[in-house]
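Enquirer: Dropping a prediction and its sequence here:
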2 protein chains.
Amino acid sequence: MTQMMQHCAGLKTKRNEAFLAIAESLRPDLYCEIRHPVGLIETVADAQELHGWKAVQAGEKEDIYQQVIKPGEEFIVDLGTHCVGYITLSFESVGSPPDAPAHVQLIFGETLAEMAEPFSEYQGWLSSSWLQQEDIYIDVLPATLSLSRRYCCRYVKVRVISTSPKFNLRLRDIHIQHVSSADMTSLLPLMTQDSLLKRIDDVSVLTLHNCMQDVFEDGPKRDRRLWLGDLRLQAQVAYYTFEGSADLVKRCLYLFAGVTREDGLVSANLFMKPDVIPDDTFLFDYSLFFVSTLHDYVQVTQDLSTLADLWPTAYRQIELALEHVDDRGIIQDQDYWWSFVDWHDALNKQASSQGIFIYVLSHAINLARLIDREKIIFLEKVQDELKANALKILWDEEKKFFISGKEKQISFASQVWLILSEVGDKEFRKKLIERLYNYPPEIKLRTPYMMHHFIDALMQEGEVERAIMEIKRYWGGMIKLGADTFWELFDPDNLNHSPYGSKIINSYCHAWSCTPAYFIRKYSL
Amino acid sequence: MTQMMQHCAGLKTKRNEAFLAIAESLRPDLYCEIRHPVGLIETVADAQELHGWKAVQAGEKEDIYQQVIKPGEEFIVDLGTHCVGYITLSFESVGSPPDAPAHVQLIFGETLAEMAEPFSEYQGWLSSSWLQQEDIYIDVLPATLSLSRRYCCRYVKVRVISTSPKFNLRLRDIHIQHVSSADMTSLLPLMTQDSLLKRIDDVSVLTLHNCMQDVFEDGPKRDRRLWLGDLRLQAQVAYYTFEGSADLVKRCLYLFAGVTREDGLVSANLFMKPDVIPDDTFLFDYSLFFVSTLHDYVQVTQDLSTLADLWPTAYRQIELALEHVDDRGIIQDQDYWWSFVDWHDALNKQASSQGIFIYVLSHAINLARLIDREKIIFLEKVQDELKANALKILWDEEKKFFISGKEKQISFASQVWLILSEVGDKEFRKKLIERLYNYPPEIKLRTPYMMHHFIDALMQEGEVERAIMEIKRYWGGMIKLGADTFWELFDPDNLNHSPYGSKIINSYCHAWSCTPAYFIRKYSL
């Protein structure tokens, strides 16, 4: 059932066709909802707003189909909220019979910045091909165009580049077939009475909804891939929101186990087209999270048959992670992009990775109890040693923080992960949280993904009020700035922050950002 | 059967559904031939060549599918000759699995200038949407893309705008489905022994072939419409080249008669999609050429049933043309673009139009003899008067040239049309031709269309050697400059001439330019 193949220079991968067949049998149907625009807007510079742009209404929805658009003119259609799907436009000509093709440029944006700032000035290091645009040439009018690419947007800019002196254009219709494998009618009820938390839950749910497609995508605008780190968090939220979504988690687990590196290492992410292909990116933490995602799935579903299938893959991640442990019992520090943890160039990943390994081992031990009791003692021994060594070697008694790497870096992330891994006793961890608030390290948390783990650590240590406050401050902060869905990146001190060199390439509906719904619902906040 | 409809401000048109049904029944099948590229080229500046560019071979055809193309790189595929049709491209990725869409720009050109000079610098007054380009975004690789628009090109430039740092592109296949309603296997044999005339005939035939689609198009790159002036010449060539092509002429005649202005005036051109629509452009000469085109068709086919159907439309053009005759019996001069004659801003059209009316009246009289004998005397009287008045009022005895308009302009075109209309006796016309050679007027002939009429006048007056010399000089001149098909515009003294403000918007395969084959074959040159 397993075949070897060569994907690119040097990388050999292993396919388990039986697992891939199970994944394929779980491919979800997509729900489709037709959405029409709510009006026309213009972008106006305003330093108080996200990226310095605010939307000003420029027309009612009826006006969209009245306006005659001449070459050089444009307007921005507002779909009312963040949508993912397939756009259809109908154009007609106004004037003499069209004696030339009409050249129309379409720009799709999750944010106003994508509407206001020209893509031609993009200087980021990710491919500019992610910027959502299309040039269409209409030879015959009237014309109805159903665009074949899936777009992700709240706004659509329609710009007429050229017609001829003899005719202009008018839009007859524009709508989007908004698609998701999440069934809004299966949404579990929400109990909170807090209006801000309710709003945060709404936005979390829409974020998750828009990322749930054939698989759990990380972001429907950019990447659109199945990433393990995102999957783990999406699954946690999905169990508390969309009833029946465990099947999609199961599908994704079988996909990851279905295509691994030759030695069994799970890839950080998978491409789904033209076939299931593992990326040649492997991350220490993401591979380990296969264990946690399987653990959470089994806890929710009690599906021991899936556990039996996938336990060998899960256990293999532990074995491979052990190869990264040095003589002192500490995860080796590495130079290249070896462990993700957070989008932060300056962050040293060693201590966080130590915490993550310990954290994941708890899940492995829980699973071993169900399926492979012989491994329990070994796993517990490894975990105990990693914990002891963390305290012995990574703890700086003078600074009262965990340190990471040769430079003994003190970061927020290192503390969060070593708290989550339950290193030290309750009292020790409580004090460490206090210290984080009183003497916040310079290397802060940068992504909603890492913020999730901070909230999780606060909840674990019983700091419920602080957790709520952080959720309201951070995710509530995005809502104040107009978020329809939660973003890939949010640094309240630098709204233009992008790890990719340009804010317009950031994803503004990103799976790892949807976790407040998990906390609000699980803990009845 | 006739219904009135409003197309655009002020214009009322008349539809004859019976005529349109006959036209529809004659819609031709398209022949399709798959053509593969012959190699890769580069453009190199060379002042001796057309538009200052020459092609240098940059690779064999095998190299097209070897080359790895990175962002910012491009290559130019040479299809070997001028093609019209539907292009299919297949791309594959080279490197890691594609982690971003690939953005590829395609530029299609009839000429090297379209490959070498950026479309972004286009400043002509015709719509830039005619410049053949497409931006494609490929989400999944490998991918086979069958472009839905019909392109007209010898060259295809493939430029990779962006991929990602992790992969590049390679072309697996590129080909064109070359389409035409002309059947190359029905091509009538050519008798000439003259190698240059043979080459000119070849290029004429390919020009006609590539313009023969659903209808006789004027140019398959730009306009793509059925123009009466072009139709008349295409039909003349088609009778001598592609056996059985009279049906396509018949179809086009019924189309023009099927949609006219409310008063019966035939439009200068028709749009074929989304439905048959007459353009709101009416030209004195083009409307009259309906009569000549019908005349030539009946002469070739003896199809009296079609003549019976279409004679009323033909006769109506004569009646409407008579409204333009002033008290002196001369066609009224007008300011706006009222009569075509030639693409020449400075050209006054009065005398030429007088000639054209007289010329067309000969055809009307011939047709009346077959179908409406009662009109003969009237038509002959009109023609005699127009001829007499031309000599009386338009002939400048001192300058020995026909004059045109208030400014008494002496142009080449006026002389040509008054020769073709057989004003004056044989001796008079012979002398006028001598004078044209010895004292060429400043306002020269600009288009192959007007050159055709000059050749026709020379042949009519028995100046065979001169006609051959002019064909070899003018059309041979295009061949020397690398023409695969004959051009819309050719001014040997200004190769960059364009009536549209940019040479790259000119059509380089243009129906009205294909007539040497007619002369070579009809007169066995």
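Expert: Cool, the structure landed.
Enquirer: Spell out the secondary structure type for the closest residue to residue A:503 other than its chain neighbours.
Expert: Excluding the flanking residues, the one nearest residue A:503 by Cβ to Cβ, 6 or more residues apart in numbering or on different chains is residue A:496, at 4.9 Å. No exception for glycine: its C-beta is placed from N, CA and C like everyone else's. Going by DSSP: H, G, I helix; E, B strand; the rest coil, the secondary structure assigned to residue A:496 is coil.
Enquirer: Verify the contact between residue A:187 and residue A:244 for me.
Expert: No: taking Cβ atoms under 8 Å as the definition, residue A:187 is not a contact partner of residue A:244, at 10.9 Å.
Enquirer: how close does the residue nearest to residue A:503 get to chain B?
Expert: 22 Å (Cβ to the nearest Cβ, to the nearest Å).
Enquirer: Tell me who's in contact with residue A:217.
Expert: A:211, A:223-226, A:511 (Cβ atoms under 8 Å, 6 or more residues apart in numbering or on different chains).
Enquirer: Filtering the residues you listed by proximity to chain B, which remain?
Expert: A:223, A:225 (Cβ under 8 Å from any Cβ of the partner chain).
Enquirer: Count the residues that sit near the closest residue to chain B within the stretch 351-500 of chain A.
Expert: Relative to chain B, the nearest point of the stretch 351-500 of chain A is residue A:500 (11.1 Å; Cβ to the nearest Cβ). When neighbours are defined as other Cβ atoms under 10 Å in any protein chain shown, residue A:500 has 18 of them.
Enquirer: same thing with residue A:45?
Expert: 9.
Enquirer: ok, the residue nearest to it when sequence neighbours are not counted - how many residues close by?
Expert: Once flanking residues are discounted, residue A:45 sits nearest to residue A:52: 5.9 Å by Cβ to Cβ, 6+ apart. Around residue A:52 there are 17 other residues, counting by other Cβ under 10 Å.
Enquirer: and the gap between residue A:52 and chain B?
Expert: 26 Å.
Enquirer: same question, residue A:328
Expert: With Cβ to the nearest Cβ as the criterion, residue A:328 and chain B are 35 Å apart.
Enquirer: mind checking the SS state of the closest residue to that residue other than its chain neighbours?
Expert: Of all residues not flanking residue A:328 in the chain, residue A:393 sits nearest, at 5.7 Å (Cβ to Cβ, 6+ apart). Put simply, residue A:393 is helix when judged by three-state DSSP.
Enquirer: and residue A:393, how far is that from residue A:331?
Expert: Noted for residue A:393: a distance of 11 Å to residue A:331, by Cβ to Cβ, to the nearest Å.
Enquirer: my guess is residue A:75 meets residue A:58, correct?
Expert: Yes: between residue A:75 and residue A:58 a contact is recorded at 7.0 Å, counting by Cβ under 8 Å.
Enquirer: circling back to that earlier point, before we move on, which element is the residue of the stretch 351-500 of chain A closest to chain B in?
Expert: For residue A:500, there is no enclosing helix or strand under DSSP states H and E.
Enquirer: And for residue A:299?
Expert: Going by DSSP H and E, residue A:299 is in helix A:284-301.
Enquirer: Report the buried residues of that helix.
Expert: A:284-298, A:300 (16 or more other Cβ atoms under 10 Å in any protein chain shown).
Enquirer: what's the angle from whatever helix or strand comes next after it to helix A:284-301?
Expert: Following helix A:284-301 in sequence order, the next helix or strand is helix A:304-322 (DSSP H and E). Orientation check (axes from the mean of the first three to the mean of the last three Cα atoms, to 10 degrees): helix A:304-322 against helix A:284-301 gives 160 degrees.
Enquirer: Who are the packing partners of whatever helix or strand comes next after helix A:304-322?
Expert: Next in sequence after helix A:304-322, counting helices and strands by DSSP H and E, comes helix A:350-371. For helix A:350-371, the packing partners by 3 or more Cβ pairs under 8 Å, 6 or more residues apart in numbering or on different chains; DSSP states H and E come out as helix A:284-301, helix A:304-322, helix A:376-389, helix A:412-420.
Enquirer: Next SSE downstream of the shortest one?
Expert: Helices and strands here follow DSSP H and E; after helix A:412-420, the next one along the chain is helix A:426-438.
Enquirer: helices or strands up against the helix or strand just after that next one?
Expert: Using DSSP H and E, the helix or strand that follows helix A:426-438 in sequence is helix A:448-460. If you count contacts as 3+ Cβ pairs under 8 Å, 6+ apart, helix A:448-460 packs onto helix A:228-241, helix A:412-420, helix A:464-480, helix A:516-522.
Enquirer: Kindly calculate the angle that helix A:448-460 makes with helix A:412-420.
Expert: 40 degrees.
Enquirer: so how far is helix A:448-460 off the chain centroid?
Expert: 15 Å (Cα atoms, centre = their mean, to the nearest Å).
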